[in-house]
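J.: have a look; sequence and predicted model below, questions after that.
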Amino acid sequence: MKDSEKFNILLKQELEKCIDPVYFTENYVKIVHPKKGVIDFDLYDYQANLLRAFKKNRFNIVLKARQLGVSTVVAAYCLHRAFFKNNQNILVCATKLDTAKNIVGIIKSMYNRLPKAFKMINPLIMDNITGIRLSNGSIIQSSTTTEDLGRSQALSLLVIDEAAWVKKPNSLEKIWASLRPTLATGGDCIIISTPNGIGNKFYELYKEAEEGKNEFVPHKLMWYLRYDKEWFEKECKDKTPQEIAQEYCCEFIGSGKTVIDVNILSDIGNNIIKDKDLITQLDNGINIYKLYENNLPDNSVNIMFCDVSRGENSGDYNAFHIIDIVNKIQFCDFKAKIDINNYVNIVLKYAIKYNASIMIENNGVGHSLISSLLMLYRERPDYTVEGTKIEDIKIICETHARNMTNVIENINEFVEENSLVTDDIEYDDIIFYF
Ligand SMILES: Nc1ncnc2c1ncn2[C@@H]1O[C@H](COP(=O)(O)OP(=O)(O)OP(=O)(O)O)[C@@H](O)[C@H]1O
Ligand SMILES: [Mg+2]
């Protein structure tokens, strides 16, 4: 057999192996490291997992810490997709054209560093600042999220980078509404961002994805997947807790404009008691901080945050935690696989014991708990727990997770004035909606 025939057989075998994006990236893709120059793209495990997920699932949403190499791995995926599938129409959007162009720039430089034999099979036939076209008909284009994207043609893959940071007057909501139809013919979508507070479309899509309520597969990537503790401490030195929560810890609550001072939120986070010796663990799944077990500090104002199981799966947990928001400490938590009736009893018992207002998210999930509590209120108004009447506790319902900032705002008011604002007519004296 001639050398050229042998070469062609090997090339064909190699190209077949490259159908796997992880194999292709690790063996043929190069990246430019700021200090080391051009290096092989040795994937971190989470990067390899992302590549597999991008190939497997139509819709992926990535909540990430800064500088994890996500834009770079997405660039490798776009290149793989354009190179090994014909006629792909790929659009990469970001808040700033520079960022979008930068991803396309990375894709181009990855393409240029592929082996010659690969490039000869699928040459670059158009190359300008905003995009490239390959001879197999695939194109990759970049755009800002502020442009009118509604007129885009049917897309095979849409990438939205820095999705929580889309600037006004546009919003991810608008962009998603106008681009969603361009995926109707079977296109895939990857949405990526660090968090930017709550109450935006990225937050909504990610939370829904976590709850299995939309078609996106969620991925959460924390800083420690790539970096060590020393790096983290050095990065955090000059940053506010808000910046740390946002840029490194994938925290929605602490980022954006929360009304409770972010230092308080972070203090609460830090004051979750981890030392087992300081905790009493009860058989029923309750953990209580010993100092709070039988005596509450005089100034304590306690809120019990209830986390009701989705109920679709009998293995789900019902849970709650109680926070003293004045002393900024989470002193009690509970988690168990119990039915809603037992859960209601435990919620009431500990809300009364610790004089805690009960906070429930008023969504489909929280609804069963709310209804059960209401029934108790109506049918057994004299129900007491250790001498306290049920009507002495307050229940706060947030109508939607998006209203969390409002809830927090009103908790502040509650702390200041020791009163809650009520404007709900239906359950007036029982439930306080914000
Ligand atoms: N597997 C890897 N090995 C070495 N360097 C890597 C790897 N992956 C990415 N990098 C480098 O890490 C740096 C950050 O990558 P990138 O910009 O893709 O991260 P990002 O998560 O998108 O960051 P940002 O939060 O700024 O958007 C770049 O210099 C990139 O070349
Ligand atoms: Mg990036």
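T.: Great, that's in hand. Ligands and ions are numbered 1, 2, ... in the order given.
J.: residues near the residue in the chain positioned nearest to ligand 1, how many?
T.: Closest approach between the chain and ligand 1, counting by CB to the nearest ligand atom: residue 69, at 2.6 Å. Where you see a C-beta, it was placed from the backbone N, CA and C, and this is true even at glycine. A count of nearby residues for residue 69, using other CB atoms under 10 Å, gives 20.
J.: do the same with the one 4 residues further on
T.: Applying other CB under 10 Å, we find 26 other residues in the vicinity of residue 73.
J.: how much space between it and residue 135?
T.: 25 Å (CB to CB, to the nearest Å).
J.: likewise for residue 336?
T.: Residue 336 is 61 Å from residue 135, by CB to CB.
J.: re earlier: can I assume the residue of the chain closest to ligand 1 is in contact with residue 47?
T.: Yes - judged on CB atoms under 8 Å, residue 69 makes contact with residue 47 at a distance of 6.0 Å.
J.: show me what contacts the residue of the chain closest to ligand 1?
T.: Shown in contact with residue 69 (CB atoms under 8 Å, 6 or more residues apart in numbering): 44, 47, 226.
J.: check what pLDDT the second one gets.
T.: We note a pLDDT of 98 for residue 47 in this prediction.
J.: now it, what's its secondary structure?
T.: helix (DSSP: H, G, I helix; E, B strand; the rest coil).
J.: now it, nearest residue through space, not along the chain?
T.: Of all residues not flanking residue 47 in the chain, residue 73 sits nearest, at 4.4 Å (CB to CB, 6 or more residues apart in numbering).
J.: reduced to three states, what does that neighbour come out as?
T.: Following three-state DSSP, we place residue 73 in the helix state.
J.: can you check residue 76 too?
T.: helix.
J.: quick check, pLDDT for it.
T.: So residue 76 comes in at 98 (pLDDT).
J.: how far away is the residue nearest to residue 47 from residue 337?
T.: 37 Å.
J.: try residue 181
T.: 42 Å.
J.: tell me where the stretch 1-150 of the chain has helices.
T.: Counting by DSSP state H, counting those that start in this stretch, the stretch 1-150 of the chain has helices at residues 3-17, 21-28, 45-56, 70-84, 97-112, 116-121.
J.: residue 340 reaches residue 369, doesn't it?
T.: Yes - assessed by CB under 8 Å, residue 340 is found in contact with residue 369 at 6.5 Å.
J.: list residues touching both of the two?
T.: With CB under 8 Å, 6+ apart as the test, residue 340 and residue 369 both reach residue 308.
J.: neighbour-wise, which of the two wins?
T.: For residue 340 versus residue 369, the count of surrounding residues by other CB under 10 Å is larger for residue 369: 25 against 16.
J.: excluding its backbone neighbours, what's nearest that one?
T.: That would be residue 308: by CB to CB, 6+ apart, it lies 4.8 Å from residue 369.
J.: by mean pLDDT, flag the weakest helix or strand of the protein.
T.: strand 431-433 (a mean of 31; mean pLDDT, DSSP states H and E).
J.: where do the helices sit along the stretch 201-350 of the chain?
T.: Taking DSSP H, counting those that start in this stretch to define them, one finds helices in the stretch 201-350 of the chain at 201-210, 229-236, 241-248, 262-270, 290-293, 340-353.
J.: now tabulate these in a markdown table and tack on distance to ligand 1 and mean pLDDT.
T.: Shown next, in a markdown table, are these (distance: least, CB to the nearest ligand atom, whole Å; pLDDT from 0 to 100):
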| stretch | distance to ligand 1 | mean pLDDT |
| --- | --- | --- |
| helix 201-210 | 14 | 91 |
| helix 229-236 | 12 | 84 |
| helix 241-248 | 8 | 77 |
| helix 262-270 | 20 | 54 |
| helix 290-293 | 40 | 86 |
| helix 340-353 | 40 | 84 |
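J.: residue 106: which of those helices is closest?
T.: The closest of the helices of the stretch 201-350 of the chain to residue 106 is helix 241-248. By CB to CB, the value is 21.2 Å.
J.: that closest one to helix 229-236, inter-axis angle?
T.: 130 degrees (axes from the mean of the first three to the mean of the last three CA atoms, to 10 degrees).
J.: convert the C-alpha atoms of helix 241-248 to PDB, please.
T.: The C-alpha trace of helix 241-248 is given here as PDB (Å, rounded to 0.1, in the frame of the first residue of the first chain):
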ATOM      1  CA  PRO A 241     -19.200  40.000  49.600                       C
ATOM      2  CA  GLN A 242     -21.600  40.900  46.800                       C
ATOM      3  CA  GLU A 243     -18.900  40.600  44.200                       C
ATOM      4  CA  ILE A 244     -17.600  37.400  45.700                       C
ATOM      5  CA  ALA A 245     -21.100  35.800  45.800                       C
ATOM      6  CA  GLN A 246     -21.700  36.800  42.200                       C
ATOM      7  CA  GLU A 247     -18.400  36.200  40.600                       C
ATOM      8  CA  TYR A 248     -17.200  33.000  42.400                       C
END
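J.: quick one on the thing from earlier: looking at the helices of the stretch 201-350 of the chain, which is nearest to residue 77?
T.: helix 201-210 (18.7 Å).
J.: who does the closest one touch, helix- and strand-wise?
T.: strand 59-64, helix 172-179, strand 188-193, strand 217-221 (3 or more CB pairs under 8 Å, 6 or more residues apart in numbering; DSSP states H and E).
J.: buried stuff in the second one?
T.: Right, helix 172-179. Going by neighbour count (16 or more other CB atoms under 10 Å), the buried part of helix 172-179 is 172, 175, 176, 179.
J.: so residue 176 sits right up against residue 204, yeah?
T.: No - between residue 176 and residue 204 there is no contact under CB under 8 Å: 9.9 Å.
J.: so residue 91 bridges to which residues?
T.: residue 141, residue 158 (DSSP bridges).
J.: distance of it from residue 39?
T.: For residue 91, the distance to residue 39 - CB to CB - is 28 Å.
J.: with residue 138 instead?
T.: In terms of CB to CB, residue 138 sits 26 Å off from residue 39.
J.: ok, these two, which is more surrounded?
T.: Between residue 138 and residue 39, counted using other CB under 10 Å, residue 138 has the larger neighbour count: 23 against 11.
J.: hmm, that one is touching residue 80, no?
T.: No - contact between residue 138 and residue 80 fails when scored by CB under 8 Å: they sit 10.6 Å apart.
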